[in-house]
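Everything below, folded, please.
(2 chains)
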Number of protein chains: 2
Amino acid sequence: MEHNGLLVVISGPAGAGKGTVVGELIKDDNVEVSISATTRAPRGTEKDGVEYHFLTREQFQQMIKQDGFLEYAEYVGNYYGSPKKQAELWMAQGKDVILEIEVQGCKKIKENNPECISIFIMPPSMEVLEHRLRKRATDSEESILKRLSRAREEISLARDYDYIIVNDGLSECIADVKTVLKAEKLRADRFDVSEMLS
Amino acid sequence: MEHNGLLVVISGPAGAGKGTVVGELIKDDNVEVSISATTRAPRGTEKDGVEYHFLTREQFQQMIKQDGFLEYAEYVGNYYGSPKKQAELWMAQGKDVILEIEVQGCKKIKENNPECISIFIMPPSMEVLEHRLRKRATDSEESILKRLSRAREEISLARDYDYIIVNDGLSECIADVKTVLKAEKLRADRFDVSEMLS
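You can find the predicted model right below:
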């Protein structure tokens, strides 16, 4: 029997609520969230090892050379990546590891880790998404329109994910994610048939 | 959004409890079990349309010609098959259709219906399976040994299924099957992304 935890990518447009979903999921002792590494400077009250692992460019590039990332990318001059070692350690302990990453990052992880499970958190409709983004009231009109346009782009790629879960209510959405993780553990390729017959 | 029901193959060795599992699942109004057609004669109290659809050889061959079966096979001179029309009707109504069939039948269905979900009901161990078969006490020693040998063969092919669910307690086993069906409905390819963006 395969006791390894699952590698789970969770994506979704801003306003779909994926952060809240992940926050609820990791209340389970058997679920951990991967903390990204970045070369960008900490902002405000951000602490190393909490929001991000803050690395120098040299440290990051060294880790790339050592195959230390599940995926990484460069945005606007800064590196961002998902460290491999901690994730693999948790999985070996039987814990599910969640990566809250972008659509592009998901593609890269799938290439190297085809066994990973990808979940796209979908807003119930574009109208609801717009309403949620406007309710935050901290963003300018321009920024809201930019986020909506980006959301449409991301949603158009959602079919590449394994699962699409509509967030039309947090508790149901979380229950659905848990259902998916439970079902994935029942996959035949995780079962040791030869042990059964020995 | 795809509202079609699922086509679900359930297999497993005699004594694994798949009949009981299926019996529990169809208590749900949204789950139906496919009744096989056969050319063998009814036995004892068997009624047409209950245990089987009893057909003449000519009727069965006519249905084969009309592509009327999801799968069919000939055993010991008799045809057995899963009628296609009723299953498709139920699925169009959003109902999940369960086929309780053998490993070979599952392979054939997968070929023509790659979207079908296959679940193998596994006994907790060969020891437990043997114990269950002996408890029935209606079978001869020879018949029990034959069933055990066949069970080993079937189990060795279980990895070809999508899911393996151990029946180590009926209620948990049924909950696991329901979890799988629920998760399968969250698959991205059942979601109409274009409708979302229209």
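
Pull out the buried positions in stretch A:164-178.
Of the residues in stretch A:164-178, A:164, A:165, A:166, A:167, A:173, A:174, A:176, A:177, A:178 count as buried by neighbour count, 16 or more other C-beta atoms under 10 Å in any protein chain shown. Quick note: C-beta positions are derived from backbone N, CA and C, even for glycine.

Tell me the residue of chain A that sits nearest chain B?
Proximity of chain A to chain B (C-beta to the nearest C-beta) peaks at residue A:183, 3.4 Å away.

From the buried residues of stretch A:164-178, which land in helices?
Residues of the buried residues of stretch A:164-178 located in helices (DSSP state H): A:173, A:174, A:176, A:177, A:178.

Turn those residues into a markdown table, columns for pLDDT and distance to chain B.
Converted to a markdown table, those look like this (pLDDT from 0 to 100; distance: C-beta to the nearest C-beta, whole Å):
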| residue | pLDDT | distance to chain B |
| --- | --- | --- |
| A:173 | 97 | 10 |
| A:174 | 97 | 13 |
| A:176 | 98 | 6 |
| A:177 | 98 | 9 |
| A:178 | 97 | 9 |
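
Can you pull up the residues of chain A that come close to chain B?
A:120, A:122, A:125-126, A:152, A:155-156, A:158-165, A:176, A:179-180, A:182-184, A:186-189, A:191, A:193, A:196-197 (C-beta under 8 Å from any C-beta of the partner chain).

Nearest to residue A:28, out of the buried residues of stretch A:164-178: which one, please.
For the buried residues of stretch A:164-178, the closest approach to residue A:28 (C-beta to C-beta) belongs to residue A:178, at 8.2 Å.

Now do the same contact list for that closest one.
Residues near residue A:178 by C-beta atoms under 8 Å, 6 or more residues apart in numbering or on different chains: residue A:25.

cool, residue A:185 as well?
residue A:6.

Repeat that for residue A:51.
Residues near residue A:51 by C-beta under 8 Å, 6+ apart: A:35, A:42.

Just want the phi and psi numbers for it.
When read as degrees, to the nearest 10, the backbone of residue A:51 gives phi -70, psi -40.

what's the pLDDT at it?
With respect to pLDDT, residue A:51 scores 90.

With residue A:80 as the reference, measure out to it.
12 Å (C-beta to C-beta, to the nearest Å).

do residue A:7 as well
To residue A:80, residue A:7 is 18 Å away according to C-beta to C-beta.

And for residue A:138?
In terms of C-beta to C-beta, residue A:138 sits 23 Å off from residue A:80.
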